[in-house]
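my questions concern the predicted model and sequence given below.
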Amino acid sequence: MKTLFLLAAMAASTNLLSAAGPDRKPNIVLIVADDLGWGDIGYHGSQAKTPNIDRVSSEGLRFDRFYVQPICTPTRATLMTGRYPWRTGMASGVILNHLHYGLPLDETTLAQTLKKAGYTTDIVGKWHLGHETPAYLPTERGFDYHYGLYTAIDHFTHMWQGGLDWHRNRKAVREEGYASDLIGDDCVRIIKEHDFSKSPLFLYNPMFAVHAFNQAPEKYTAAYADEKNEERRGLLGLCAAMDFQFGRIIDALKEVGQLDNTFVFFFSDNGGNLHAAANNGPLRDGKGTYYEGGLRVPAFAYWPGKIESGKTTEALAYAADLYPTFAALAGAPLPAKPLDGVDLAPVLFKNATESGRKEILFLLEDSERDRRGAMIEWPWKLIRTAKPEALWTFELFNIATDPSEKNEVSKDNPEIVQRLSARIDEMKKDAPPAFWKPGDNKPPKGWKSSPIVGPDQE
Ligand SMILES: [Ca+2]
């Protein structure tokens, strides 16, 4: 008994030393903007002013070729599993209030993996990977703590379709306040209260900014009083809120003396929504499409003293790459299922100009009614679309020389079209059917939201 106690005490003190000593594991802070367009970030020359993001990214490494899926749930599924969302049935559609599915429970989430490596794992913001049963909720998927929403909300009332979607650790909470302010407050609180001598922190902050509705308090829209389009002014206010809260997180890390021991990564979950006044700059189209405006997003990494300041990389990267990258930083074991990501460490820390990634397969809807897929095999991008009983329609672009996708060149390159199309078929041949079915974008007739979204009680 005595020996056991002694061993336990030794183990505890060893953990303490390794957490606080020179070989301590870095904190990981992952901030994900929602629907932020390529042209709505200050450093891309935008009307939107994002001074904090501009400054911090200029002191880190900007990713110029960072790709995601074109809508919310598929990108988040990619991020949490390190796997293409079509491997998990999550590539099509988003999990709306009335839908019942969630990220399959046999997937090992990024949070579970980091937890195994000794991290405290907190998520503050939007989950969007299932809310039907407690088993789907973030606190059952590797997170020690969750605050925020499961699906979508009005930024002020935190309601959606008549249901309250605002929660703290599986308890519905009614609070006053603008969602971005409350989410930012909680991130700052977590950083200030965390005992970094006991465990490194993984803070995942999927913001709800800048997602529609385009609502923002006057303090965020005041700088844009000249903007006459109300939708656009609201979006600019959301960008200001996003940037302000981002800045507070960096300041909090500095205040607690953890900035030099924290790896920060920022990206947008998909391109800007052109139906909600977003701007994707010179990129074509936006959210929900396979054009660059839907898939190529602002992204950067920041770690003072570890990542060289003032650079932009052209290395091809995809949301799935963050899983192995974070796991390697954390010294965490990878899950048994094969990942679709590459460790970005050589790009981040050794100035490698290539990530090793050669291709990315995107699938949005792959049902009997509407089939759409896209494949990047650098520098080519093939988009293929078909309606029932119809042959594929192909579009091919050289996205290295034609980033705005103005020149469709499929007719001139039939071999490339054929190769990439065959590669899509090959990659997805064992994919399970998508959970999302045609018609799922609308609730069934007569459907009413429960007063609280998800299984929570007040
Ligand atoms: Ca989104």
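Yep, it's here.

going by C-alpha atoms from here, please, whenever you check contacts or count neighbours.
OK.

enumerate the residues of the chain near the ion.
Residues of the chain lying near the ion by CA under 5 Å from the ion: 34-35, 72.

please name the nearest non-neighbouring residue to His100.
Glu132 (5.2 Å; CA to CA, 6 or more residues apart in numbering).

phi, psi for Ala330 please.
Phi and psi for Ala330, reported as degrees, to the nearest 10, are phi -90, psi -10.

and it, how many residues sit next to it?
Neighbour count for Ala330, taken as other CA atoms under 10 Å: 23.

I'd like the distance between it and the ion.
Distance, Ala330 to the ion, using CA to the ion, to the nearest Å: 27 Å.

who's in contact with that residue?
Applying CA atoms under 8 Å, 6 or more residues apart in numbering, we find Ala330 in contact with 25-26, 114, 117.

most surrounded residue in the residues of the chain next to the ion?
Asp35 (30 neighbours).

sec struct for it, please.
coil (DSSP: H, G, I helix; E, B strand; the rest coil).

over to it: give its phi and psi.
Torsion angles, degrees, to the nearest 10, at Asp35: phi 70, psi 30.

ok, now Asp412?
Torsion angles, degrees, to the nearest 10, at Asp412: phi -80, psi -10.

count of residues packed around it?
By the criterion of other CA under 10 Å, Asp412 has 10 neighbours.

distance of it relative to Pro335?
Asp412 sits 43 Å away from Pro335, going by CA to CA, to the nearest Å.

then Ile183?
Ile183 sits 30 Å away from Pro335, going by CA to CA.

who's more crowded, the two?
Of the pair Ile183 and Pro335, Ile183 is the one with more neighbours under other CA under 10 Å, namely 23 against 17.

so which bits of whatever helix or strand that one lives in are buried?
Element membership for Ile183, per DSSP states H and E: helix 179-193. For helix 179-193, the neighbour count (16 or more other CA atoms under 10 Å) marks 179-180, 182-184, 186-188, 190-191 as buried.

now that helix: how far from the chain's centre is it?
Centroid separation for helix 179-193 versus its chain: 18 Å, with CA atoms, centre = their mean, to the nearest Å.

moving C-terminal of it, what's the next helix or strand?
Using DSSP H and E, the helix or strand that follows helix 179-193 in sequence is strand 201-206.

who does the helix or strand just after that following strand touch, helix- and strand-wise?
Moving toward the C-terminus from strand 201-206, the next helix or strand (DSSP H and E) is helix 218-221. Based on contacts counted as 3 or more CA pairs under 8 Å, 6 or more residues apart in numbering; DSSP states H and E, the elements that helix 218-221 packs against are helix 230-255.

tell me how far the residue nearest to His100 lies from Ala111.
20 Å.

settle it for me: which of these two has more neighbours?
Neighbour totals were compared for Glu132 and Ala111, and Ala111 leads with 27 against 20 (other CA under 10 Å).

what about the helices in this protein?
Assigned by DSSP state H, the helices in the chain fall at 2-20, 51-58, 72-81, 110-116, 179-193, 218-221, 230-255, 292-295, 322-330, 345-349, 414-427.

could I get these as a markdown table with mean pLDDT?
As requested, the helices of the chain are exported to a markdown table (pLDDT from 0 to 100):
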| stretch | mean pLDDT |
| --- | --- |
| helix 2-20 | 41 |
| helix 51-58 | 98 |
| helix 72-81 | 98 |
| helix 110-116 | 98 |
| helix 179-193 | 98 |
| helix 218-221 | 98 |
| helix 230-255 | 98 |
| helix 292-295 | 98 |
| helix 322-330 | 98 |
| helix 345-349 | 98 |
| helix 414-427 | 94 |
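
which one of those lies closest to Lys387?
helix 414-427 (16.1 Å; CA to CA).

which elements pack onto that closest one?
Using 3+ CA pairs under 8 Å, 6+ apart, helix 414-427 is in contact with strand 371-377, strand 380-386.
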